[in-house]
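1. sequence unavailable; structure follows:
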């Protein structure tokens, strides 16, 4: 174990911290940084080496994972004045697990290649719980010959690692999944609401849908109607889970890529707008299944 | 077998004929009628008794199943001048397997009750293939104490019979399922199309969705992209299956019930409009999964 | 004046009362009724004859105007047990100014014709203010040869009377106008909101739109942004005007007629759903231009 | 006249060429360039000086107008290897009449300022006809103290010049107008189609809308229904006018700015998707009012 070479980790938020901890657990020395120094405390206590900037990480590690909130953050961490590419060593493997525009991933890959480094996009599904339990799913885009090297690290943090194709296809897969998820969730909310108003018991309706062609993940695994399932945000006043703001962000990425590629996505566009309205009407921090409540709430409640 | 009492059957279309044949197979004498006499030929050859009108059926049978295309047909067959209720005997069990507005079902139940008869709605899912193989699913609304009597007949024609609640809830469950199905299908079509344009292999994308939260019946059982699955309409130029016109009709029912109950169904409304546009642009008789083709087709193709 | 024959008036709500008063002002004796007897008080004080039921009105008047909230009310007032058609005299002219489904108007026309009476639909635009000032617009459907007789009465209550064609076309024109109005209003709200966020002064943006191809009634006459215009509901916290509930009702009629005629109305359907959501989120009684506020309101406000 | 200083003009397409000709007509020497040398021929014959690159134009002129198809073209012409900013002189006035993302306009303004130059955005409405007749409308964003200098040139090419505010607000105004225009047009198409199906004469319906609250530019000036108006694209099989592709592009810009600013634009998003579908179904080069035909066309036509 002692012989393992160190791994750089940039971005120690709710997701990044447990991911980096899983690298440590697997015996990898970690060299970490974050814009908020206090975020580094937990890692430091676990003997990670904390440095001042992405450029410093790049000096000391030839495998680096980034986990950042948005495209501008990725641009800054890679190409900014103290960015990774300032100091990156030839042959370094750069794995970005942020969820961002695939066009930015491709742009980073080009910039990395100019420096003799390799960039892969590897966004995740699964949330904070899965990050802690090393049960994330990684969708990986990049050169196939580099995939094994990436996989070695990613399996320390996730239960599934899927190779998707060229750079940007990891992002594409993530965006596609969340887009269909958003549609399925709003569709389930509309359907459950209509059924209840037509006199159906919600549990019975969910059962019927789940044995029929209306079945989807939102109806059978994450039902948005309070009382239908246990252990899901709808059973807990829509606390926890995947926030409406984050879903709106991902749908914005989906919309951008669709506009760029001139792809028609009518339902996805409307789903985006519904989550956008919810963000401005008090649902920003609730789980995205709260769309059931948003569509249903009665006058006077 | 000889002791079984006859069952009336009204509406011998693509669905009604195999359903009535399954009653015969189970030893029930069948007394049948249809507005198109030629539709009765096949049943007649199998020793069903063919009569001239619903009123004649009602004279001779005290259990009657109806399978008709739309609400106005149901109104006519039950309450028209030669309708069932003209001659219906006290205690007759009337089971309507048509897919219609639940408000019409409730109206028929009231009219039947006035004559001392019992009306239940029992629409089906499963299509012509399932009808032939007696593998339909019936969703049943009506008095709970009459459910056993209905179930006895319906199990001859279907694999699943689900009691949903008061009259009209069978229709409600059917409408709810098809509404969510329509949304899932269009959502899957948009998602697969976007993913392909972003460089993902369609089979791989389907696999990723199906192991993730984007999963739905349209992605894992009836994928709309040619080449992803076998034995589905998308593998056969969208022939067979469930026609766009029929989906548009069911979404019209969903819209009507939502408007009546003041329920917000934004995605379902848009799905309805998309299928409506498709009907007027050459997709009326294709399977409803052809929305993938509709959204995708390029200029000049 | 004394020689004028009496006119029946059924439905003395916010609109019906000022309309009936304008008939009195023009010298017509009025025979009135309403389900709520207290609604008749104001007319009674002005010497209208108040009777107990539509059937009573029909006995005493051979020209009758109805102004009712919805299709079921119209059905009851015309064909109910104490309805107009119970007692209607041959040759009676029945003018319905309610906004209802054109299919119900056609049904009433058939029923009236069987009794030897003539039915016309004549819904209005203009609101309570216009009703008081006899400045309503009437859109009239019915037999052209009866139009002059209708016009004589309608001009007492309105500034514009437009003959639209066969029975039901008055309703059709009303529905069409309100549908386009709803779209224009939501579109204006979205546009003004986006413009403001992009740094434009709202008054300047309205001015630019109104001299350009974006111009519409909602931008130039009834702007939904507080501070842009005076004397409109947006200048008065969206009080008064045309309530969101009423707009949602009219869009429901539009949706029903579109579904019946298999017409694709994607934007109208979405507009309907938006107003439906607003009704359940506290906007039911605000003017329909409050959609600007609905789409805009920020988290925490 | 001879004393006028030369004006640079970059981008000699369908719009740029007549605009540059109007500068010549007003006595301004023009120094022009275009990526397609053959586009320069017409200007050259009128004694414009044609040079090889934007950088060459910048050497010779201290007022430069650009008229380009999209954001990437603008980026290249300003900041590319042979771009304007390579050679721009201090104090040069740069006016960009392209319709692009306001964020790109702001980016160009910053880049220009670094070189001591001034950038203004000044997109137009009005099309090729208005460009030829010097009747365009310019919406101008930029420093107020530079507006007079810009106005001097723009009035040679347009009938209206409107100052909108800081850099990018010209684009914002243009995008806002076209967004509301798209909504009004689709709304008018839906409304006219529904009205016709409900039995209304289209000319009569247009007249009623235009005297009522449904009135908009698309109903009263550019009606999409053949036979209602003369001299509009709908009277000429939707030839000429403003192409569906261009509308889809502008709606893409609107969508991008809305996503960036987290603004909810449900109808605009749907309008975008409708025009996007039309582009892939044979309507790309028809006028955008052909949405009437798209929504209406019947099975089998």
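-> Cool, got the structure. It should be emphasised that the depicted structure is a prediction, and the values quoted were computed from it without experimental measurement.

2. pretty sure residue A:108 is touching residue A:119, no?
-> Yes: if you go by C-beta atoms under 8 Å, residue A:108 and residue A:119 touch, sitting 5.1 Å apart. For glycine as for every other residue, the C-beta is placed from the backbone atoms N, C-alpha and C.

3. find residues that contact each of these two.
-> Common neighbours of residue A:108 and residue A:119, counting by C-beta atoms under 8 Å, 6 or more residues apart in numbering or on different chains, are A:94, A:96.

4. report pLDDT for residue A:299.
-> With respect to pLDDT, residue A:299 scores 54.

5. again but with residue A:252, I slipped
-> Residue A:252 is given a pLDDT of 97.

6. next: residue A:126.
-> 87.

7. repeat for residue A:2
-> pLDDT recorded at residue A:2 is 51.

8. do residue A:14 as well
-> pLDDT, residue A:14: 91.

9. check contacts around the residue lying closest to it once chain neighbours are set aside.
-> Using C-beta to C-beta, 6 or more residues apart in numbering or on different chains and skipping the chain neighbours, the partner closest in space to residue A:14 is residue A:128 (5.2 Å). For residue A:128, the contacting residues are A:14-15, A:18, by C-beta under 8 Å, 6+ apart.

10. give me the secondary structure label for residue A:128.
-> At residue A:128 the chain is in helix, as set by DSSP: H, G, I helix; E, B strand; the rest coil.

11. most neighbours among the contacts of residue A:128, please name it.
-> Within the contacts of residue A:128, neighbour counts (other C-beta atoms under 10 Å in any protein chain shown) peak at residue A:15, which reaches 24 neighbours.

12. so the closest residue to that residue other than its chain neighbours is in which element?
-> With C-beta to C-beta, 6+ apart as the criterion, residue A:15 has its nearest non-adjacent residue at 5.1 Å, and that residue is residue A:131. Using DSSP states H and E, residue A:131 maps to helix A:127-132.

13. mind listing what's buried in that helix?
-> Judged by neighbour count using 16 or more other C-beta atoms under 10 Å in any protein chain shown, the buried positions of helix A:127-132 are A:127, A:130-132.

14. any residues of the stretch 51-200 of chain A in contact with chain B? List them.
-> Counting by C-beta under 8 Å from any C-beta of the partner chain, the stretch 51-200 of chain A comes close to chain B at A:102, A:125, A:137, A:139, A:160, A:162, A:164-166, A:168-169, A:172-173, A:175-181, A:183-184, A:186-188, A:190-195, A:197-200.

15. which of the helices and strands in chain A ranks last by mean pLDDT?
-> helix A:127-132 (a mean of 91; mean pLDDT, DSSP states H and E).

16. count of residues packed around residue A:72?
-> 12.

17. double-check that it belongs to a helix.
-> Yes: Residue A:72 forms part of a helix when assessed by three-state DSSP.

18. nearest residue to the middle of chain A?
-> residue A:124 (4.7 Å; C-alpha atoms, centre = their mean).

19. so it versus residue A:171, what's the distance?
-> 11 Å (C-beta to C-beta, to the nearest Å).

20. and the pLDDT at the closest residue to chain C within the stretch 1-150 of chain A?
-> Closest contact between the stretch 1-150 of chain A and chain C, by C-beta to the nearest C-beta, is at residue A:69 (17.9 Å). For residue A:69, the model assigns a pLDDT of 94.

21. pull the number of nearby residues for it.
-> By other C-beta under 10 Å, neighbour count at residue A:69 equals 16.

22. would you agree it is in contact with residue A:15?
-> No: Residue A:69 sits out of contact with residue A:15 when judged by C-beta under 8 Å, with a separation of 9.5 Å.

23. the helix or strand hosting residue A:78 near chain D at all?
-> Per DSSP H and E, residue A:78 falls inside helix A:71-79. No: judged by C-beta under 8 Å from any C-beta, helix A:71-79 stays clear of chain D, getting no closer than 11.2 Å.

24. show me how the record splits chain A into domains.
-> By the record's domain assignment, chain A is partitioned as A:7-166, A:172-296 (automatic domain parsing).

25. pick the most buried one from those domains.
-> domain A:172-296 (a mean of 23; mean count of other C-beta atoms under 10 Å in any protein chain shown).

26. now the element after the helix or strand containing residue A:111, going C-ward?
-> For residue A:111, the element it lies in under DSSP H and E is helix A:102-114. Remark: after helix A:102-114, the chain's next helix or strand is strand A:118-121, criterion DSSP H and E.

27. direction included, what does the very next helix or strand once past that next one pair against?
-> Moving toward the C-terminus from strand A:118-121, the next helix or strand (DSSP H and E) is strand A:124-125. Using DSSP bridges, strand A:124-125 pairs in its sheet with strand A:136-141 (antiparallel).

28. just give the nearest non-adjacent residue to residue A:295, would you?
-> Spatially, and ignoring its direct neighbours in sequence, residue A:295 is nearest to residue B:264 (4.7 Å; C-beta to C-beta, 6+ apart).

29. thought residue C:281 was touching the one you found, still the case?
-> No: between residue B:264 and residue C:281 no contact is recorded; they are 9.5 Å apart, counting by C-beta under 8 Å.

30. three-state assignment of residue A:32?
-> Here residue A:32 is strand, with the state taken from three-state DSSP.

31. so when I look at residue A:149, I'm seeing a helix, right?
-> Yes: counting by three-state DSSP, one finds residue A:149 located in a helix.

32. quick revisit: packing partners of the helix holding residue A:111?
-> Where contact means 3 or more C-beta pairs under 8 Å, 6 or more residues apart in numbering or on different chains; DSSP states H and E, helix A:102-114 is packed against helix A:71-79, strand A:93-96, strand A:118-121, helix A:169-197, helix A:244-260.

33. which stretches of chain A have low pLDDT?
-> Along chain A, segments meeting pLDDT under 70 span A:1-2, A:299-301.

34. can you name the residues of it sitting close to chain C?
-> Within chain A, the residues that sit near chain C (C-beta under 8 Å from any C-beta) are A:270, A:277, A:279-282, A:284, A:294-299.

35. will you turn those into a markdown table that also has secondary structure and distance to residue D:214?
-> Listed next are these as a markdown table, based on DSSP: H, G, I helix; E, B strand; the rest coil; distance: C-beta to C-beta, whole Å:
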| residue | secondary structure | distance to residue D:214 |
| --- | --- | --- |
| A:270 | helix | 24 |
| A:277 | helix | 25 |
| A:279 | helix | 32 |
| A:280 | coil | 28 |
| A:281 | coil | 29 |
| A:282 | coil | 33 |
| A:284 | coil | 36 |
| A:294 | helix | 30 |
| A:295 | helix | 28 |
| A:296 | helix | 31 |
| A:297 | coil | 31 |
| A:298 | coil | 31 |
| A:299 | coil | 28 |
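
36. good, we can wrap up now.
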